[in-house]
Structures are given as C-alpha cells and as structure tokens.
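>>> Show me the folded form of this:
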Amino acid sequence: MGEIFFKYLFAFCALISIFAVITICVFLFGNAIPTIKEIGVFDFLFGVDWYPEYEIFGILPMIVGSLYVTSLSILIGVPIGILSAIYLSQFCPKNLARFLIPAVELLGAIPSVVYGFFALVVIVPLLASIFDGISGKSVLAAALVLSIMILPTIILVSKAAIDSVPKSYYEGALALGATKERAVFFAMLPAAKSGILASVILGVGRAIGEAMAVIMVAGNQTQITSNILDGMRTITTNIVLEMGYAEEGLHRDALIANGVVLFVFILLINMCFNAIKNRSK
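Predicted coordinates for the structure are as follows:
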C-alpha cells in the first residue's frame, strides 16, 4: 500500500513540474510571438537601437552583451572550478576539506545582490585603478563577478562526479606505473566527464540568467563593442531595468519577448552540451 502511495505521489510531483514548464512556455510564447511579428523578426533580433518611447525595439546589443559576459565568465570560471573540484576530491587533506567544502557551499548560498555589492566596491574600483580612463563598470567586471558566482555549482557537481568514479580506475592506473596526477587526469577525469559537463551546463545557465549582480557592474549601455572594458547591457538586465515602468502595450510585450529569446538561448545551449556529451560517450 505504501509503495503504491509513494509511486503516485512521485508521479504527481513530476506532473506538477511538467505542468509548470508547459505553463511558462505557453505564457511566454503566447505573448511574444504576436509581439515579434508586429515589430518584425529581423528588426527585433538584429536591430541595434532600443528606444521604447519611439516603439523601436532592437535587442541585438543585449544579445551580444549576454554572449560576451557569459562566454568570458565561463572561460574564467570553468577551469578554476574544475581544478578546484579535482583538488578537493583527490588531493585535499581530509582535515582541510572539512572546512573548504562548507565554505564552497556557503559561497553558493550568498544572495546575488551581495555579489553585486562586492563587485561594486572591490572589482569595479580595482579595474578603474588598473586601466586608466574607465569607470570600471564593464563587461569584464560583470564577467569576473559571474565567474565567482558559478564556482560553487561547478565545484560541487564536478567533485561529486569525480567521487563517483570507481576506485579501480585510479588503482589500475597506479598499477600500470602512472603517477597520482596522471592517474587522476587521464583515468578518472575521462570517466567523470559526463558529470563535469553537467556542471558546466548548470554554470552556463546560472551565468546567462543572472541579472542583479550584472545590473550593478555591467554599465548597462545599449551598445555593441568589442572592448571588454566598455559597458554593455544583457537581456536579463534589460528586462529588470525596464519592466518596472513599462506600461501595458508594446513595450511590456517586447520585454516578455526578451524573456523568450533568453529561454531559447538556454535551451539551445543545453541541447548543444547534451549533443557533445552524447557524442563523447
């Protein structure tokens, strides 16, 4: 009796999750598709001007800004996170790991606005002092704070993946004459690549969807630039900045369409990573 009860309970919870996803998709796409048609698909996705007062809604600068910030944060955060996970899993003394692992978990529990304040007080003035003539609020500042924010996810998930690899892989590599470092990097890491890739996917999702910390240090300028020391605006910050005063009408619907573009980006990124993971098996 109890087994049947929990079976249906778990199925009910799964259905709630599926229903929530479907509801969000219906709301987003139901509002966004007519709006994008009204603005024009090309004008909306590839327009470089965003002037809501004149009903001009081009989000290309925000798309480029999101890609800049996310890519740079991943380039910085992923190597640090994976190497940290390797250290905590295989090289860190147990007495030290008892303190480091809770510290990493605490890092993941810090609110994003606190990260934003930290970046505003520490990272922005530091960049302004290193590079003369800039305010410090830039793509680089946003990428640095995001790289810190994604570290807990990458470290903890990657560590769990490495810990789940059977010890026989490691012991077999040592028996064949490999050093400890070679056994870890060439025997255990390839076996844990699926979990490590999952941590990167979660990190990308966290980075591209973050708004509060980015809005405080990115400069929020609707421009396309190749200089990471210039300010830019991401899709998430565009929604947060303007949704509060957007009146009912095309402006509000255009911001909802921004959310659809962000949703599609995350979906495509997940599909690409999953395809890479499946090919690597």
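
>>> Low-confidence regions, this structure specifically.
Residues of the chain meeting the criterion pLDDT under 70: 1, 277, 279-281.

>>> Show me what the longest helix belonging to the chain is packed against.
Assignment by DSSP state H gives helix 2-39 as the longest helix of the chain. If you count contacts as 3 or more Cβ pairs under 8 Å, 6 or more residues apart in numbering; DSSP states H and E, helix 2-39 packs onto helix 250-280. Every residue, glycine included, has its C-beta placed from N, CA and C.

>>> Now do the helix it packs on: distance to the chain's middle.
Its chain's C-alpha centre lies 12 Å from the corresponding centre of helix 250-280 when counted by Cα atoms, centre = their mean, to the nearest Å.

>>> how big is the angle separating that helix from helix 2-39?
Calculated by axes from the mean of the first three to the mean of the last three Cα atoms, to 10 degrees, helix 250-280 forms an angle of 120 degrees with helix 2-39.

>>> Show me where this protein has its strands.
Applying DSSP state E to the chain gives strands spanning 50-51, 56-57.

>>> Would you reformat those as a markdown table and include distance to A128 and mean neighbour count?
Putting those into a markdown table (distance: least, Cβ to Cβ, whole Å; neighbours: other Cβ atoms under 10 Å) gives the following:
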| stretch | distance to A128 | mean neighbour count |
| --- | --- | --- |
| strand 50-51 | 27 | 14 |
| strand 56-57 | 32 | 19 |
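
>>> got TSV for those strands, with distance to G244 too?
Formatted as TSV, the strands of the chain follow (distance: least, Cβ to Cβ, whole Å):
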stretch	distance to G244
strand 50-51	16
strand 56-57	17
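
>>> right, and those strands - which one's nearest L83?
strand 50-51 (39.4 Å; Cβ to Cβ).

>>> Adjacent strands (with direction) for that closest one?
Partners of strand 50-51 in the sheet, by DSSP bridges, are strand 56-57 (antiparallel).

>>> Residues touching the strand it pairs with, excluding its own?
Strand 56-57 is contacted from outside by I39, D43, F44, G47, D49, W50, L250, H251, A254, A257, using Cβ atoms under 8 Å, 6 or more residues apart in numbering.

>>> now the residues you listed: which count as buried?
If you count burial by 16 or more other Cβ atoms under 10 Å, the buried members of the contacts of strand 56-57 come out as I39, F44, G47, W50, L250, H251, A254, A257.

>>> farthest-separated two in these?
Using Cβ to Cβ, the two most remote members of these are G47 and H251, lying 14.7 Å apart.

>>> roughly how far out does the longest helix of the chain sit from the chain middle?
How far helix 2-39 lies from its chain's middle: 22 Å, per Cα atoms, centre = their mean.

>>> buried set for that helix?
L28, F29, N31, A32, T35, I36, I39.

>>> S112 and E210 touch, don't they?
Yes: the pair formed by S112 and E210 meets the contact definition of Cβ atoms under 8 Å, at 6.2 Å.

>>> And the buried residues of helix 2-39, which is closest to A97?
A97 lies nearest to L28 out of the buried residues of helix 2-39, by Cβ to Cβ, at 42.5 Å.

>>> Distance check, the closest one against G259.
Distance of L28 to G259, computed by Cβ to Cβ, to the nearest Å: 6 Å.

>>> Helices along the stretch 101-250 of the chain, start to end?
Along the stretch 101-250 of the chain, the segments classed as helices by DSSP state H, counting those that start in this stretch run 112-118, 124-130, 139-149, 151-163, 167-175, 180-183, 189-191, 193-209, 212-217, 235-243, 250-280.
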